[in-house]
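>>> got a predicted structure here, sequence first:
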Amino acid sequence: MSRDNRLEQSVRTLRGVGPKLASKLEALNIQTITDVLFHLPLRYQDRTRITPIAALRPGMDTVVDGVLITVKQEFGRRRSLACKLRDDSGTITLRFFHFNQAQQKALERAWGLRCYGEIRAGRSGLEMYHPEYQVIDENEDLPTDDTLTPIYPTTDGLHQASWRSLTEQALKILGNGQLPELIPHELLPHRVALADALRFLHRPPPHTPVDQVLAGEHPCQQRLAVEELLAHHLALLRLRARQRRHKAPAMRPDRALDQRFLATLPFAPTAAQKRVNEDIRKDLAQPHPMQRLVQGDVGSGKTLVAALAALNVVANRHQVALMAPTELLAEQHYRTFNGWFESLGINVERLSGRTTASRRKELLAALVAGETDLLIGTHALFQDDVAFGSLGLVIIDEQHRFGVHQRLSLSEKGAADSRVPHQLIMTATPIPRTLAMTAYADLDYSVIDELPPGRTPVTTTVSGTGRRPEVIEGVRRACAENRQVYWVCTLIEESDVLQANAAEAVAAELAEALPEVRSALVHGRITGQERAQIMDAFKAGDIQLLVATTVIEVGVDVPNASLMVIENAERLGLAQLHQLRGRVGRGRTASHCVLLYQPPLSQLGRERLEAMRATNDGFVLAERDLALRGPGELLGTRQTGTLNLRFADIQRDQALIKQVQNVAERMLDAYPDAVDALLERWLPERERYAHA
């Protein structure tokens, strides 16, 4: 059997792989020896150097050597075994919360230990919790590791030692042979051979530049990053091509209707809104489906752009579906669109999980009959019994709350006569250009990069909870000046797990401290009708202080609200903080946002809050959020399937993106067979968008 064929053998042929282990590997999509080779380390531990105890700092992962001074049980909130270790420079405590008598006796007999683990600041100074350790004798000269130690992504019952054994066997089978090079050399010359890169990444050799590898910047890592990014980009381009093969109803513009609509508004579109509207108008005029992502910072006016797109489709006797992630936002959209379109004779309806059975039956009948022009709703729009007479456009708001398959399944509702509806996807969470180019390669995208005139920049301050009385006094002054205030909390009820102040407790506290202020509480657990009544009263000025959870993150427009207090701000990401802050500064009054945090702040929390204080630019904050949290969190958990990168890193490898785009376009044209093989290598079946 040739070496290449041996690489395609089952993992069951490897030593130590029985039915139980094979089942665990299959759950990770590892079935062949090639799959083992491409199961790359997530990170590396540097066990090549011993760090003096005096040089240790909290957060470090490192190796320490020392003599055991004491081994004893300690009793606090939890029983622990505390071992004091000393070298020539200082002492550190090793703490074990899970131990048995045999382990304690073995440690009591030991002369010294070599330990590896994370350094923490503990109750007795620097500590390590449950370090890996080896017992060493007084006269023993124990060598350090001469390679970096790979740490593999794994699952329950599959330990790192097993991974090292499996990869060692797979590397021996690979030998000096070559894996197929799937990227044609003329498209990407001067690169490390794939087999050499894999050998290096599984077993970084002695004298490897440790800092370069730990940063993910070694040429072998870049070789794999290019190929993985290319596979993901090709999958999305294939999806785009597949979508474009569908037919869609071409929409003729009705500029007279546009002018009638715009004449009813108390404001004029910005230049950016006009530009994006033209992009959409051109897309809708085509006989294949529009797939356009519209990005715009908080308050940039995406709703008007969506309204103009809907108007175009309705003028061509087709229906529009608008999906929002929360009932509150869906309700806000319904009120806005109904207010705008009622005088034009356009029928706007809403559907949610709380719509009564009888009303739902009426709505669905009118929808099939084509009597409803625009249907607004939440996930309820996905349900099987929701059918349209002639769906021409799907608008998805806050796209990062939905995955690619959810978008596509809503489009399938409009499939008729071999035609599918157009799609307009909107987000008020600015997406860094590098991330948009990678995660949304299946979409065209436009940016509304201009705020309407009259918007006032929001001044942001950061305060510890010790200054809470001053903040409450600020709320009193704002309300006395006939301005309105949001006070946002991260939880509804008290929790033993999180120390955040619950919205209910805060509402009671503020009502007692500010008896003269008209206040109310809104959160996701009250009924939609109650929530609508409270929001209407707030918008009308009958309520001065609104205590709320993050349910008011998007969609609420109260120009008189000029102060926003965010409780436990350190618990929220930059994108969410920016969305919340966008609820103020929507009028001409100077507006302020106070970020209240619970000390002590982590380094990540401090960086987030400082970024919020420093800028109001959502795109700057998005880049910072990407650097701090990574693409998975920024896109939202439902969206990570579109960017489930195992090895590449969008922030670190953004310099590769343009190169990857160029190679992908040329491969699709000239090397379709290589594209299939590349997708097979890098993307599990469920991620190849086979259902698109």
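Yep, it's here. Residues are numbered from 1 along each chain as shown.

>>> Ala428 against Leu329, yeah?
No. If you go by Cβ atoms under 8 Å, Ala428 and Leu329 don't touch, sitting 10.2 Å apart. Backbone N, C-alpha and C define where each C-beta goes, glycine included.

>>> bridging residues for Gly112?
Per DSSP bridges, the residues bridged to Gly112 are Val67, Ile136.

>>> quick check: domain ranges of the protein?
Listed by automatic domain parsing, the domain ranges of the chain are 3-45+149-215, 53-136, 255-448, 458-615.

>>> redo the ones you listed as a markdown table? Include distance to Tyr671.
Output for the domains of the chain, formatted as a markdown table (distance: least, Cβ to Cβ, whole Å):
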| stretch | distance to Tyr671 |
| --- | --- |
| domain 3-45+149-215 | 6 |
| domain 53-136 | 42 |
| domain 255-448 | 18 |
| domain 458-615 | 38 |
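
>>> any weak-confidence spans in the stretch 351-500 of the chain?
Residue ranges of the stretch 351-500 of the chain with pLDDT under 70: 399-411, 413-417, 429-430, 432-435, 437, 454, 491-500.

>>> at which residues are the helices of it located?
In the stretch 351-500 of the chain, helices defined by DSSP state H, counting those that start in this stretch lie at 357-368, 404-412, 433-439, 468-480, listed in chain order.

>>> then the longest one to CSV, C-alphas only?
These are the backbone C-alpha positions of helix 468-480, laid out as CSV (Å, rounded to 0.1, in the frame of the first residue of the first chain):
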residue,chain,number,x,y,z
ARG,A,468,-23.1,55.3,42.8
PRO,A,469,-24.7,58.1,45.0
GLU,A,470,-23.2,60.8,42.7
VAL,A,471,-24.6,59.0,39.7
ILE,A,472,-28.1,58.8,41.3
GLU,A,473,-27.9,62.6,42.0
GLY,A,474,-27.0,63.1,38.3
VAL,A,475,-30.2,61.2,37.4
ARG,A,476,-32.2,63.5,39.7
ARG,A,477,-30.8,66.6,38.0
ALA,A,478,-31.5,65.3,34.5
CYS,A,479,-35.1,64.6,35.4
ALA,A,480,-35.5,68.0,37.1
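
>>> pull out the buried positions in it.
468, 471, 474-476, 478-479 (16 or more other Cβ atoms under 10 Å).

>>> how distant is that helix from the center of its chain?
When distances are taken as Cα atoms, centre = their mean, to the nearest Å, helix 468-480 is centred 35 Å away from the chain's centroid.

>>> next: stretch 455-470.
27 Å.

>>> repeat that for stretch 531-542.
Distance, centroid of stretch 531-542 to centroid of chain: 32 Å (Cα atoms, centre = their mean).

>>> buried set for it?
By neighbour count on 16+ other Cβ under 10 Å, the buried set for stretch 531-542 is 531-532, 534-535, 538-539.

>>> who touches it?
Under the contact criterion Cβ atoms under 8 Å, 6 or more residues apart in numbering, stretch 531-542 has outside partners 327-328, 331-332, 482, 484, 518, 520-522, 526, 543, 546, 551, 556-558, 560-561.

>>> so what's Val488 closest to, chain neighbours aside?
Leaving aside its sequence neighbours, Val488 sits nearest to Ile566 (Cβ to Cβ, 6 or more residues apart in numbering; 4.8 Å).

>>> what's across from the one you found in the sheet?
If you apply DSSP bridges, the partners that Ile566 bridges to are Val488, Leu595.

>>> quickly note the distance from it to Thr32.
Computed as Cβ to Cβ, to the nearest Å, the Ile566 to Thr32 distance reads 50 Å.

>>> who has more neighbours, these two?
For Ile566 versus Thr32, neighbours defined as other Cβ atoms under 10 Å are more numerous around Ile566 (26 against 18).

>>> re the thing from before, what sits against the residue nearest to Val488?
By Cβ under 8 Å, 6+ apart, Ile566 lies in contact with 488, 572, 577, 580-581, 593-596.

>>> how many other residues sit next to Gly59?
10.

>>> what strands line up against the helix or strand harbouring Lys84, and which way round?
Using DSSP states H and E, Lys84 sits within strand 79-86. Applying DSSP bridges to the sheet, strand 79-86 is found paired with strand 61-75 (antiparallel), strand 91-96 (antiparallel).

>>> run the chain-centre distance for the last one.
Think strand 91-96. Centroid separation between strand 91-96 and its chain, computed with Cα atoms, centre = their mean, is 37 Å.

>>> same deal with the first one?
The chain centre lies 39 Å from the centre of strand 61-75; the measure is Cα atoms, centre = their mean.

>>> give me the residues contacting that strand.
45-47, 49-51, 53, 56, 79-87, 91-92, 104, 107-108, 110-119, 128, 136, 142, 144.

>>> tell me which residues touch the nearest residue to Ala330 once chain neighbours are set aside, please.
Distances taken as Cβ to Cβ, 6+ apart place Ala324 nearest to Ala330, at 4.2 Å, with adjacent residues excluded. Ala324 makes contacts with 330, 333, 376-378, 397-398, 555, as judged by Cβ under 8 Å, 6+ apart.

>>> rebuild the residues you listed as JSON lines, extending it with distance to Thr270 and neighbour count.
Formatted as JSON lines, these follow (distance: Cβ to Cβ, whole Å; neighbours: other Cβ atoms under 10 Å):
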{"residue": "Ala330", "distance to Thr270": "25", "neighbour count": "25"}
{"residue": "His333", "distance to Thr270": "20", "neighbour count": "24"}
{"residue": "Ile376", "distance to Thr270": "24", "neighbour count": "27"}
{"residue": "Gly377", "distance to Thr270": "29", "neighbour count": "24"}
{"residue": "Thr378", "distance to Thr270": "29", "neighbour count": "21"}
{"residue": "Asp397", "distance to Thr270": "19", "neighbour count": "26"}
{"residue": "Glu398", "distance to Thr270": "21", "neighbour count": "22"}
{"residue": "Gly555", "distance to Thr270": "20", "neighbour count": "24"}
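
>>> and those, which is closest to Arg123?
Nearest to Arg123 among these, counting by Cβ to Cβ, is Glu398 at 44.3 Å.
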